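1. got a structure for you, letters missing:
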């Protein structure tokens, strides 16, 4: 039977530290493998060599990749984040109705049809341009 005296507190902390280190290492390993596949500047042979190197000599392979390609990894991450942000911004603009110009155009149509007055149109136009 396992009791607290058989597994002291410092051993629990050491076990947690080792577990955390392994989880962190596998996280870095997976991140590096994703970056290898994301690269467009190397061919399939070099990608395969990097992956083999990381699988058979994991610590040296991962750390060597990080040392050699750290700038490229950072730039690819930044480029991907910018592309995702641009895609999101374009989506938001497409579903929001086109912004101030579209809102003013709708108000102009309402003004021309007589549904709103000139004062209401000027108020809508001012709000659209302020939100702009």
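-> Good, I have the coordinates. This is a predicted model, so every value here is computed, not measured.

2. what helix or strand is the most centrally placed residue in the chain on?
-> The chain has residue 81 as the residue nearest its centroid, 4.9 Å off, counting by Cα atoms, centre = their mean. Under the criterion of DSSP states H and E, residue 81 resides in helix 58-95.

3. other residues contacting the helix or strand just after that helix?
-> For helix 58-95, the succeeding helix or strand toward the C-terminus, using DSSP H and E, is helix 100-113. Residues outside helix 100-113 that contact it (Cβ atoms under 8 Å, 6 or more residues apart in numbering) are 97, 116-118, 120-121, 124-125, 128-129, 131-132. To be clear about C-beta, it is placed using only N, CA and C from the backbone, and glycine gets the same treatment.

4. how much space between the residue in the chain sticking out farthest from the centre and residue 11?
-> Residue farthest from the centre of the chain, counting by Cα atoms, centre = their mean, is residue 114 at 48.0 Å. Remark: distance between residue 114 and residue 11 (Cβ to Cβ, to the nearest Å) = 83 Å.

5. can you check residue 17 too?
-> 11 Å.
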